[in-house]
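[1] Sequence and predicted structure below; questions after.
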Amino acid sequence: MKVRHLLTSNFVKVTRTTTAREVLEKFLELRQDLACVIEGGKLIGIVTKYSIYRLLLKEQSLDSSIESVIKHDVVVLHEETSLTEAKDTLLRKQVGHAVVMNEKNTVIGVMAKSDLITGLITGSHNLGIRLKSLMNNLQECVISVDEHLHITSMNEAALQLFQIKEKHMLSKPIEDAFPELTDDLRKVIHTGSVIDVKRFNLNKTTVFSSFVPIKEWGKTTGAMAVLKDVTDFEKVANELESTKRIEKILDSALELAYDAVVITDNDGNITKANLGFLNLFSIETIEHILEKPIKKIAPDLPISKNDATGHQPEAKLIQINGQKAIFNQMPIIQSNKRIGYIYKIIYQKLDIWKDLFQHMDKLENELTYYRGELSRISNRNDPFASLISKNKKMEQLKKESYIAAKSFSNLLITGESGTGKELLADGIHRSSNRTGSFVKINCAAIPENLLESEFFGYADGAFTGSRKGGKPGKFELANEGTLFLDEIGDMPQSLQAKLLRVLQEKEFERLGDTQTKKVDVRIIAATNKDLFQLVKEGLFREDLYYRIHVINLNIPPLRERLDDIPILADHLIKKFKTKKNKDVIGLTAEAIEKLQTYDWPGNVRQLENILERAYHFTDSKWIEPEFIHFDQDHKTSLLLPHSPRYRPAEKINRQELLEETEKKAIFKALEQAHGNRTKAAKFLGISRSSLYQKINKYDIQKEIKFY
Ligand SMILES: Nc1ncnc2c1ncn2[C@@H]1O[C@H](COP(=O)(O)OP(=O)(O)OP(=O)(O)O)[C@@H](O)[C@H]1O
């Protein structure tokens, strides 16, 4: 701001002959206290109100002229003088006013100290506004503190970067808001000197910061931290660095390869080639071929153009300079777009590869053998080893089963179908130290009229067609061992009574025999039904229930131990490998995740089926989620809350199940007897006539040839 912006142009002009009264009147009219005495356009001097007071004190008349009090030594300012200069002049000359002149030395106004102060205040106010707007438009973040290290301001960039509001930060100790900056700001306030750029990590951002003192009247009254956010630059720099590193790794990898490798851009111009390639085509240096078309440099290569799909074409056997080689080509895809090709030519030490493959095959066979051995050994040490689980509830169940195995009590295993009841029963038998065998009988799978002979056997000539010398039943076979009664809930009531007797008296007679046989058998029963409910409905004998329900072991369904899925999947893949070896390592994390969101109505058995299908159909080493297909009729998923649980035993009609099983048994017997009905009836332990009746009942004659 200049003097001309602040001067009072409506000033009092008088001449030597003007009276004191006239001057005073003009002072009052224009509210001024200085008059310029001008004659012939020239400044002669000034008269102030103090001059008039002096005149009056000398008791001169108000009507006398002012000539005697004119002050000729006048402080003059040029209109273009700056306010600071004007202030300095007034202070130096110790006057309250100055006359302002223009270029032509004509008086254009006066300036009082008060005008100057107003001007300086306005100027500094404007400066403040400009400074604030400058601060807020700065890309750097500025945080200021006072001498007590309390925040006094933060500019827009700082508020944006740290996502905070200024009103929440003002007066806050810097220690609380940005502790990392405290020491440097304190140092700056203490020393009054600048600290140059330092690197900090502040609230997940990387900044470069410098620290500047704030000085007022030569005294340090605070400090500023000026921060530059360099997070993005660092990222780019790191990426650049890692790109350089990858390029170096790639170069070294290319040089290490036995093969010739050449890389082109999408137009087929060479961008990289290794030493193997240069040697194969007798090229001196890479510079000779860079950016040249591969077709010109290596015209013999059977380069395929037909790979727009991005699939890797089959390896081809080729000859280069009379030397056999394997040629492979692969597109380089980035963001679904082909950006070039890699060509690989294996031409050195092909015989080493052959040996290597043979060696690997041998090792793989050995590995399978040792795996089998290992599993056999660990099964011997841990009777429950085949019940794969790392679930806490299952671990507890195994412990309880181990203790139960050592007791003399009969056991009841409950759990949904496919949860591993038979595996658990087998484990219990192994840990029980019982010397006899583990004998299994499925009460739901055997026709009612055959069950009794299955259980107790029959004597010689017990019925027409019965085996000569009789046949031992499962009880006899399980003597001193364990009899596993699967699906005990489906046992007919007539047999329940007979079973109860054996359990109580430990003796029975073969069918058609009078001789009583004594046995020592531990019963492990299993069911997926609510046995107590069957007791209440009168379908299961209460006394038998309490006989077998001495110790109850419940296996949780798979959906309650989804943490078992990875270990089970691993185990099952190994199991499939022993049946049909395939180069499958396991499941991808996504596939495991898909398995863990399913409801598993069919439990581990269902998991086994689903994985077996995936194992056979997958075409890569890792089974991807798209190969996991859940059964159509069991589409319930854990993602759907309140999904109905699958209860196979409730859904299937018992009569239908029995008939279905009976039909299967007859088919199997006829198959084994090569269509001979007499033999088949013998296998089944029934009379020829009852076999005929059943063949008619199930219309079997339509489906099988008899002899
Ligand atoms: N924890 C497990 N580890 C390994 N395999 C398991 C496990 N649980 C079940 N299986 C496998 O799942 C299948 C079904 O197991 P199992 O026959 O023991 O079940 P279950 O409960 O007796 O079935 P059901 O009630 O239908 O007779 C078998 O192939 C078994 O090997």
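    All right, it came through fine.
[2] quick one, strands of the stretch 301-450 of the chain?
    316-320, 323-334, 337-346, 411-414, 438-442 (DSSP state E, counting those that start in this stretch).
[3] Please tabulate the ones you listed in a markdown table, including the columns mean neighbour count and mean pLDDT.
    For glycine as for every other residue, the C-beta is placed from the backbone atoms N, C-alpha and C. Output for these, formatted as a markdown table (neighbours: other Cβ atoms under 10 Å; pLDDT from 0 to 100):
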| stretch | mean neighbour count | mean pLDDT |
| --- | --- | --- |
| strand 316-320 | 13 | 78 |
| strand 323-334 | 15 | 84 |
| strand 337-346 | 17 | 88 |
| strand 411-414 | 24 | 95 |
| strand 438-442 | 19 | 94 |
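[4] Tabulate those in CSV, adding columns for distance to Met135.
    Listed next are these as CSV, based on distance: least, Cβ to Cβ, whole Å:
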stretch, distance to Met135
strand 316-320, 69
strand 323-334, 44
strand 337-346, 46
strand 411-414, 76
strand 438-442, 86
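[5] who wins for proximity to Ser304 among these?
    strand 323-334 (6.1 Å; Cβ to Cβ).
[6] For that closest one, which helices and strands make contact with it?
    Secondary-structure packing of strand 323-334 (3 or more Cβ pairs under 8 Å, 6 or more residues apart in numbering; DSSP states H and E): strand 316-320, strand 337-346, helix 350-381.
[7] Partner strands of that strand and their direction?
    Applying DSSP bridges to the sheet, strand 323-334 is found paired with strand 316-320 (antiparallel), strand 337-346 (antiparallel).
[8] right, and the helices and strands packed on strand 323-334 - which one's nearest the ligand?
    Taking Cβ to the nearest ligand atom, helix 350-381 is the member of the helices and strands packed on strand 323-334 nearest to the ligand, at 11.7 Å.
[9] average pLDDT for the closest one?
    Across helix 350-381, the average pLDDT comes to 71.
[10] Please work out how many residues are found near whichever residue of the stretch 151-300 of the chain sits closest to the ligand.
    Closest approach of the stretch 151-300 of the chain to the ligand (Cβ to the nearest ligand atom) occurs at Ala253, with a separation of 42.1 Å. Look at Ala253: counted by other Cβ atoms under 10 Å, it has 11 neighbours.
[11] Could you say which helix or strand holds it?
    helix 231-256 (DSSP states H and E).
[12] That helix: which residues count as buried?
    Leu254 (16 or more other Cβ atoms under 10 Å).
[13] residue contacts, Gly222?
    By Cβ atoms under 8 Å, 6 or more residues apart in numbering, the residues touching Gly222 are 144-147, 152, 189, 213-214.
[14] top of these by neighbour count?
    Val145 (26 neighbours).
[15] which parts of this protein sit against the ligand?
    Within the chain, the positions adjacent to the ligand are 387-389, 415, 417-423, 486, 528, 568, 571, 604-605, 608 by Cβ under 6 Å from any ligand atom.
[16] What about Leu227, how many residues nearby?
    24.
[17] hey, what's it bridged with?
    When assigned by DSSP bridges, Leu227 has beta-bridge partners Cys141, Ser209.
[18] Now name the helix or strand holding Leu485.
    Here Leu485 is assigned to strand 482-486, by DSSP H and E.
[19] Which strands border that strand, and is each parallel or antiparallel?
    strand 438-442 (parallel), strand 522-527 (parallel).
[20] Need the strands paired with strand 323-334 in JSON lines (columns: distance to Phe200).
    Converted to JSON lines, the strands paired with strand 323-334 look like this (distance: least, Cβ to Cβ, whole Å):
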{"stretch": "strand 316-320", "distance to Phe200": "58"}
{"stretch": "strand 337-346", "distance to Phe200": "39"}
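[21] And the contacts of stretch 242-258?
    Against stretch 242-258 from outside (Cβ under 8 Å, 6+ apart): 261, 272, 274-276, 344, 346, 348-349.
[22] Export only the CA atoms of that stretch, formatted as PDB.
    Extracted C-alpha coordinates of stretch 242-258, given in PDB (Å, rounded to 0.1, in the frame of the first residue of the first chain):
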ATOM      1  CA  SER A 242      10.700 -54.400  -7.500                       C
ATOM      2  CA  THR A 243      10.200 -54.200 -11.300                       C
ATOM      3  CA  LYS A 244      13.900 -53.800 -11.700                       C
ATOM      4  CA  ARG A 245      14.500 -56.700  -9.300                       C
ATOM      5  CA  ILE A 246      12.100 -58.900 -11.200                       C
ATOM      6  CA  GLU A 247      13.800 -58.000 -14.500                       C
ATOM      7  CA  LYS A 248      17.100 -59.000 -12.900                       C
ATOM      8  CA  ILE A 249      15.700 -62.300 -11.600                       C
ATOM      9  CA  LEU A 250      14.100 -63.000 -15.000                       C
ATOM     10  CA  ASP A 251      17.400 -62.300 -16.700                       C
ATOM     11  CA  SER A 252      19.300 -64.600 -14.300                       C
ATOM     12  CA  ALA A 253      16.600 -67.300 -14.600                       C
ATOM     13  CA  LEU A 254      16.800 -67.100 -18.400                       C
ATOM     14  CA  GLU A 255      20.500 -67.500 -18.300                       C
ATOM     15  CA  LEU A 256      20.300 -70.500 -15.900                       C
ATOM     16  CA  ALA A 257      17.900 -72.400 -18.200                       C
ATOM     17  CA  TYR A 258      19.400 -75.300 -20.200                       C
END
